[in-house]
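Q: okay, sequence plus prediction incoming.
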Amino acid sequence: MDSFDVSSMVSRSVKSRQRLVFFVSEDWYFCSHRLPLAISAKKAGYDVYVITRVTSHAHLIRESDIKLIPIVMTRRINNLFSELQVIIDLVRIYREIKPDIVHNVAIKPVVYGSIATLFTSVPLKINALAGLGFIFTSKSQLARFFQPVIQIILKILLGKKNTYTIVQNSDDKKLLVDRKIIHEEKLRLIMGSGVNMDIYKPEKNKSDLPVVMMAGRMLWDKGVGEFVRVARKLTGEGIRARFILVGSGDADNPSSISSSQLRKWQENGDIEWWGARADMPDVFKEVHIVCLPTIYGEGVPKVLIEAAASALPIVANDVSGCREIVRQGENGMLVPPLDPQALSDALISLIGNKELREKMGTRGREIVQKEFSEQKVIGQTMEMYEIKLSA
């Protein structure tokens with residue numbers, strides 16, 4: 001969007017309102033994780049903007065009366081000049097909007113958005129780290145190279161005056177404090193992005209054949225390969241169940257799994273691949289068990305919150321983020337990462353025990369209602385927008 005467009009957009013806004021700007025890498029992510037928050041802020045009297053890469057969700061944002069400012073960027077790091085251009089564009093946009101609050105979401109927007117505010121006057125900066133991601137969790141050479149660099153950058157940027165950071169799980173909070181990246185008083189723990197309890201509800205009329213589902217971006221780091229191996233193993237042992245993958249690859253992530261590989265698994269009879277689905281509440285109605293053998297740096301996986309809200313038992317790896325939503329033996333089971341036998345055993349115990357599935361599902365919904373509801377998360381975040389600024 002050029003300078004004229006942004007300026008005319010600002011001129012039409014209500015001058016007396018505080019201006020809240022979200023900077024998020026993808027429009028689909030904003031819609032799935034932050035749109036309800038933005039709508040609530042709008043209702044509370046904020047003038048709300050979102051800066052993001054636009055692919056297919058612009059209409060949802062505009063229909064919600066949120067001012068959309070497209071930006072050219074990717075979640076991957078490209079050449080230096082294109083990355084620098086993103087920051088230059090942000091500086092220009094911030095100078096024209098003159099936001100009272102900037103809310104950056106995920107590591108790249110946090111870094112670039114924070115750098116841009118060094119050249120502009122933004123009273124309050126909120127940075128949301130939805131997990132520490134590929135850089136902090138991958139064992140690849142690329143991740144090992146960038147991790148110390150990112151730590152230094154985060155320490156400098158997130159320690160600035162009137163700058164606060166949201167993390168989604170206690171492990172991430174501890175890591176940031178222990179490594180002296182952020183002072184604890186500038187951190188807030190808000191678990192996940194919330195879930196609408198009226199949309200994600202239990203479904204009792206299901207098929208007798210148990211359906212085990214893994215949903216999300218199709219990434220090796222999220223344990224898709226592990227899920228397929230265990231599905232193949234259990235099917236070979238005569239376990240009667242359907243094993244489903246829901247989601248698609250992610251071209252901006254080096255861990256992405258190709259569509260051809262996903263189709264091959266399906267053709268071989270290892271799993272069913274349903275692709276990306278926009279109707280997840282309906283998908284959960286067909287499912288009996290949700291599985292997530294991730295080793296990725298999650299915040300609190302949204303799919304697990306949605307699963308628990310839908311009264312489904314969960315089997316997940318015992319890693320950061322998953323531990324926040326899965327209570328061992330209460331609403332699901334945690335297994336050691338990269339342990340296919342433990343994963344198999346946990347799934348078998350639920351596939352063959354309908355009563356246990358229902359008991360865990362009921363407890364899961366209770367946990368979400370108390371700790372992870374959309375209403376609770378939005379309330380906690382809105383409180384941060386009212387933080388008293390230091391002089």
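A: Everything's here; your move.

Q: any stretches of the stretch 251-391 of the chain with poor pLDDT?
A: Confidence mapping of the stretch 251-391 of the chain against pLDDT under 70 gives the ranges 297, 391.

Q: do a quick rundown of the strands in it.
A: Listed in chain order, the strands found in the stretch 251-391 of the chain under DSSP state E, counting those that start in this stretch are 272-273, 289-292, 314-317, 332-335.

Q: which residues touch residue 66?
A: Residue 66 makes contacts with 35, 38, 39, 42, 48, 49, 50, as judged by CB atoms under 8 Å, 6 or more residues apart in numbering. For glycine as for every other residue, the C-beta is placed from the backbone atoms N, C-alpha and C.

Q: dump the strands of the stretch 251-391 of the chain to TSV, plus distance to residue 387 and mean neighbour count.
A: As requested, these are exported to TSV (distance: least, CB to CB, whole Å; neighbours: other CB atoms under 10 Å):
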stretch	distance to residue 387	mean neighbour count
strand 272-273	45	18
strand 289-292	33	28
strand 314-317	33	28
strand 332-335	35	24
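
Q: got JSON lines for these, with distance to residue 229 too?
A: Compiled in JSON lines, the strands of the stretch 251-391 of the chain are given as follows (distance: least, CB to CB, whole Å):
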{"stretch": "strand 272-273", "distance to residue 229": "15"}
{"stretch": "strand 289-292", "distance to residue 229": "12"}
{"stretch": "strand 314-317", "distance to residue 229": "14"}
{"stretch": "strand 332-335", "distance to residue 229": "14"}
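
Q: centre of the chain versus the strand or helix carrying residue 231, how much separation?
A: Applying DSSP states H and E as the criterion places residue 231 in helix 224-236. What separates the centre of helix 224-236 from the centre of its chain is 25 Å, taken as CA atoms, centre = their mean, to the nearest Å.

Q: which helices and strands sit right next to it?
A: Helices and strands touching helix 224-236, by 3 or more CB pairs under 8 Å, 6 or more residues apart in numbering; DSSP states H and E, are strand 211-215, strand 242-246, helix 340-351.

Q: nearest to residue 120, out of the strands of the stretch 251-391 of the chain?
A: In terms of CB to CB, the element of those nearest to residue 120 is strand 289-292, at 39.3 Å.

Q: who touches that closest one?
A: Residues from elsewhere that reach strand 289-292, judged by CB under 8 Å, 6+ apart: 210-216, 222-223, 227, 284, 301, 303-304, 307, 312-317, 322, 343, 347, 350-351, 357.

Q: go with 6 Å
A: Contacts made with strand 289-292 from outside it, assessed by CB atoms under 6 Å, 6 or more residues apart in numbering, are listed as 212, 213, 214, 301, 307, 312, 313, 314, 315, 316, 350.

Q: make a markdown table out of the helices and strands packed on helix 224-236 and add distance to residue 377.
A: Rendered in a markdown table, the data for the helices and strands packed on helix 224-236 read as follows (distance: least, CB to CB, whole Å):
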| stretch | distance to residue 377 |
| --- | --- |
| strand 211-215 | 20 |
| strand 242-246 | 23 |
| helix 340-351 | 28 |
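
Q: so which of these is the most surrounded?
A: Among these, strand 211-215 has the highest mean neighbour count (mean count of other CB atoms under 10 Å), at a mean of 24.

Q: just the angle for it relative to helix 224-236, thanks.
A: Interaxial angle of strand 211-215 relative to helix 224-236 (axes from the mean of the first three to the mean of the last three CA atoms, to 10 degrees): 170 degrees.

Q: about what we covered before: ok, so of the contacts of strand 289-292, who is nearest residue 232?
A: Comparing the contacts of strand 289-292 against residue 232 with CB to CB picks out residue 212 as the nearest, at 12.6 Å.

Q: what's the separation between the closest one and residue 274?
A: When CB to CB, to the nearest Å is the yardstick, residue 212 and residue 274 sit 13 Å from each other.

Q: name all residues that make contact with the residue nearest the centre of the chain.
A: Most central residue of the chain, judged by C-alpha distance to the mean C-alpha position with CA atoms, centre = their mean, is residue 130 at 5.6 Å. Contact analysis of residue 130 by CB under 6 Å, 6+ apart lists 106, 299.

Q: now swap in residue 49 and tell me
A: Taking CB under 6 Å, 6+ apart as the test, what residue 49 contacts is 21, 67.

Q: could you give the bridge partners of it?
A: residue 21, residue 67 (DSSP bridges).

Q: the residue in the chain sticking out farthest from the centre and residue 352: what is the separation?
A: Relative to the C-alpha centroid of the chain, counting by CA atoms, centre = their mean, residue 238 is the outermost residue, at 35.4 Å. Residue 238 sits 12 Å away from residue 352 when distances are taken as CB to CB.

Q: same check on residue 85?
A: As for residue 85, its distance to residue 352 is 56 Å (criterion: CB to CB).

Q: and residue 360, by the same measure?
A: Taking CB to CB as the measure, residue 360 and residue 352 are separated by 14 Å.

Q: same question, residue 145
A: Distance of residue 145 to residue 352, computed by CB to CB: 46 Å.

Q: got it, and residue 201?
A: Relative to residue 352, and taking CB to CB, residue 201 is found at 25 Å.

Q: could you check how far stretch 383-391 is from the centre of its chain?
A: For stretch 383-391, the distance between its averaged C-alpha position and the chain's averaged C-alpha position is 25 Å (CA atoms, centre = their mean).

Q: residue 388: neighbour count?
A: Close neighbours of residue 388, defined as other CB atoms under 10 Å, add up to 6.

Q: let me have the contacts of strand 289-292 in a markdown table, extended by distance to residue 74.
A: Converted to a markdown table, the contacts of strand 289-292 look like this (distance: CB to CB, whole Å):
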| residue | distance to residue 74 |
| --- | --- |
| 212 | 33 |
| 213 | 29 |
| 214 | 26 |
| 301 | 23 |
| 307 | 30 |
| 312 | 34 |
| 313 | 37 |
| 314 | 32 |
| 315 | 33 |
| 316 | 29 |
| 350 | 39 |
